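A.B. asks: how does the following fold in three dimensions:
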Amino acid sequence: MTTYEAIHKHAVSTLLLLLLILLIHYTSCSNVRILPVKPVTVYSTKNQLCLKPPEIRDRLNKVLFVVDKSGSNEDQSDLFGNVTLGNDPEDKRRADNIQSFLDRHRTEPYYRWGFIAFGVNVNNAHAYVNDGSLTSPTFDDATAMQTAIDTHRAVDNDGCTPYLAGLSLARLAIEKDLQDHPDEDSVYNVFFMSDGKPNDTLPAIGNSNCGDISTIQDVPTDPYISAVKNLVRTAPDRIFFSTAYYTLPANDPGRVSAKGLEYMAKAGGGKFVDLENNDSLDFDELLLGPRPESWIMKRMVIYNFNGANCNDGSRGADSDADGICDRDEIYYNELFAKNLPDGKKFDPVNRNSIDSNYSDLFSLKFKVMPTAEGLRNCTDLEADKDFDLLNSCEERMLSDSQANGPTNEWSKALRTLGGGTADARNPDSDGDGFLDSIEFFTFGIKSAAVNYTNIFNRYDGGITGETILAEQRHPRSPESFGPENTNLKVTYSGFNAEGENCYNIDLKSIAVFDTKAVSLEQASNLGKLAHEKSENVILMYYIMTQERNPNGKGYLFYKYQTVTHPQGFSHSLSFENFIDYKIPERY
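C.D. replies: Got it, this is the predicted structure:
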């Protein structure tokens, strides 16, 4: 190359560089939005989590006695003066044993008591622990149980042996208790005591005919076995049905009648005891509880509430965790200036800039935008009960759409049990494992929090809504995945010696942003969202359900960790000190 050619080439290169600089300068001064600097990505190492059964702290032991009051408990004389000894004329086998059991446990705070007598007034059953009616059984404290025992002693033994009447009232007692106390973690031990075969397959005629005596068969179609199984199905694995046979050996030498009660205990998953010559019965030996069971992870999510989807398709800092990135809050003040309430403006460090009851994304969608339907007047504000970062007003704003599940049966169950809408006591109203707030903040549409099928919707590049939620991608650019997103891998790693399912948790990266400081008051008084400048609030949670009921509501385990931009996590994730919340099965 000649000297002239070299000088010419250098001049051309310099000219092209100057033109490029000018082009960049004029482009940056135009209306084209310049993408922000990429957020810092931080890393953590792999962890293993094994799902232990939720800790039993407040489990209530609800004991229900279903006791025979038939006339065979008393001594009987025939026309010729022959006396047949009663099986329990002095109530040693029934009331005395129940009294001893009550005395041992009457001061324990986690016991509740119920008492049903069957055979009274020939073929009836009465609840001696009730809510005002003998046919309205309940569970109550030791004082009510003492009154029930005293009532039992005072009522004569002169009835028949109507097993089905006693079983029906026992089932009603548990059904009512589950409905009246949906938040209580209860185990039900039913102790059924009788001295003879049942005789209520045919109705009694008059006051003396008790109907035909039935021999209980160990088959599912037997009416007594069916009644026990229907009782236990009311709350599977939480009801244990045990039986006691206390007939004197002289009145049943071959212990033939005992078999029926033994079959009933087998059907009820409980224990059977035959007192024979022994007056004493230790009910503590019959107490049963749930076996340790296997749990599975429905979903784990690690979510940065200080990162939000911006209007230009990127992700940016959201200092006040209101679902709107900081620079958009300033932009919306200009874009929607005519629609803003007098004196109100979006503030990047105030989660409730427009309305004190609603975080700013709600105000934007339902009050400020031209298409807004209006925020509901909320006069009964309640704080976040289910730990999904939505208060009662916000939950109700998302409560019009009907939940859709992957099957018609699931949809029906969602609508029947939870109303099918965003619910203030269920952080994951649609059962897909994503908190209601995360769904709304991601898609910004009203049905997001209750429409299960959103996670299966496909976006550009074949990306599903599930991936968008899990990886904090932007719905406007779903195929884009990089340092501004979350890269979390959760894989099943087998089970341990305790039979617990274990998972490898590998957080490869999560984006943190340079935020502004937000005080407690500015964070809707949600202490977990308040933070200093450059800090990010990271939510780590998982929802676990019973392996036998994978679509159940289960438990939410959650914790918050504050990390600093740009350092991020300084150590591996810790799976200690999670807070657990049992999602009610019924509400």
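A.B. asks: going forward, measure contacts between C-alpha atoms and count neighbours the same way
C.D. replies: OK.
A.B. asks: what about the helices in the stretch 401-550 of the chain?
C.D. replies: 408-418, 436-443, 465-470 (DSSP state H, counting those that start in this stretch).
A.B. asks: average pLDDT across the first one?
C.D. replies: Helix 408-418 shows an average pLDDT of 60 in the prediction.
A.B. asks: and the last one, by the same measure?
C.D. replies: Mean per-residue pLDDT for helix 465-470: 92.
A.B. asks: so the residue nearest to T371 when sequence neighbours are not counted, which state does it fall into?
C.D. replies: Among residues not flanking T371 along the chain, K365 sits closest, at 7.9 Å (CA to CA, 6 or more residues apart in numbering). On the three-state scheme (DSSP: H, G, I helix; E, B strand; the rest coil), K365 is labelled helix.
A.B. asks: so what's K365 up against?
C.D. replies: By CA atoms under 8 Å, 6 or more residues apart in numbering, the residues touching K365 are T371, A372, G444.
A.B. asks: kindly report the same for N339.
C.D. replies: Going by CA under 8 Å, 6+ apart, N339 touches V368, M369, P370.
A.B. asks: the residue nearest to T371 and Y331, how far apart?
C.D. replies: Look at K365 and Y331: by CA to CA, to the nearest Å, they are 15 Å apart.
A.B. asks: low-confidence stretches in this protein?
C.D. replies: Across the chain, the ranges flagged by pLDDT under 70 are 1-46, 55-58, 78, 201-209, 400-422, 447-454, 570-573, 586-587.
A.B. asks: go ahead and flag the most central residue of it.
C.D. replies: What sits nearest the mean C-alpha location of the chain, by CA atoms, centre = their mean, is I583, with 1.9 Å.
A.B. asks: isn't that one up against G552?
C.D. replies: No. Proximity of I583 to G552 does not meet the contact threshold set by CA atoms under 8 Å, at 9.3 Å.
A.B. asks: surely F118 meets A170?
C.D. replies: No. Here F118 does not reach A170: they are 10.4 Å apart, not a contact under CA under 8 Å.
A.B. asks: what do these two both touch?
C.D. replies: Counting by CA under 8 Å, 6+ apart, the contacts common to F118 and A170 are V66.
A.B. asks: for L435, see how far away the residue nearest to the centre of the chain is.
C.D. replies: 12 Å.
A.B. asks: give me the common contacts of those two.
C.D. replies: Listed contacts common to I583 and L435 are P427; contacts here mean CA under 8 Å, 6+ apart.
A.B. asks: same list, the contacts of N339, but as TSV with secondary structure, distance to F241 and neighbour count please.
C.D. replies: Converted to TSV, the contacts of N339 look like this (DSSP: H, G, I helix; E, B strand; the rest coil; distance: CA to CA, whole Å; neighbours: other CA atoms under 10 Å):
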residue	secondary structure	distance to F241	neighbour count
V368	helix	59	24
M369	coil	60	17
P370	coil	62	12
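A.B. asks: what's the burial count for S168?
C.D. replies: 15 (other CA atoms under 10 Å).
A.B. asks: off-centre distance for the one helix or strand it maps to?
C.D. replies: Taking DSSP states H and E as the definition, one finds S168 inside helix 163-180. Taking CA atoms, centre = their mean, to the nearest Å, one finds helix 163-180 lying 24 Å from the centre of the chain it belongs to.
A.B. asks: which SSE is immediately downstream of that helix?
C.D. replies: Downstream of helix 163-180, the first helix or strand assigned by DSSP H and E is strand 186-194.
A.B. asks: what are the buried residues along that next one?
C.D. replies: By neighbour count on 16 or more other CA atoms under 10 Å, the buried set for strand 186-194 is S186, V187, Y188, N189, V190, F191, F192, M193, S194.
A.B. asks: stretch 487-503 too?
C.D. replies: Neighbour counts over stretch 487-503 (16+ other CA under 10 Å) mark N487, L488, K489, V490, E500, N501, C502, Y503 as buried.
A.B. asks: show me the residues you listed that map onto strands.
C.D. replies: Among the buried residues of stretch 487-503, DSSP state E puts N487, L488, K489, V490, N501, C502, Y503 in strands.
A.B. asks: between those residues, which sits nearest Q99?
C.D. replies: Nearest to Q99 among these is N501, at 42.9 Å by CA to CA.
A.B. asks: I'd assumed M544 was in contact with the closest one.
C.D. replies: No. Assessed by CA under 8 Å, N501 is found out of contact with M544, at 10.7 Å.
A.B. asks: mutual contacts of these two, please.
C.D. replies: Listed as contacting both N501 and M544 by CA under 8 Å, 6+ apart are L51, W295, I296.
A.B. asks: using the three-state scheme, assign the last one.
C.D. replies: Yep, that's I296 we're talking about. I296 - assigned by three-state DSSP - is strand.
A.B. asks: where does it sit relative to Y542, distance-wise?
C.D. replies: With CA to CA as the criterion, I296 and Y542 are 10 Å apart.
A.B. asks: of the two, who's got more company?
C.D. replies: For I296 versus Y542, neighbours defined as other CA under 10 Å are more numerous around I296 (23 against 19).
A.B. asks: tell me where the stretch 301-450 of the chain has strands.
C.D. replies: Ranges of strands in the stretch 301-450 of the chain, per DSSP state E, counting those that start in this stretch, are 307-309, 315-317.
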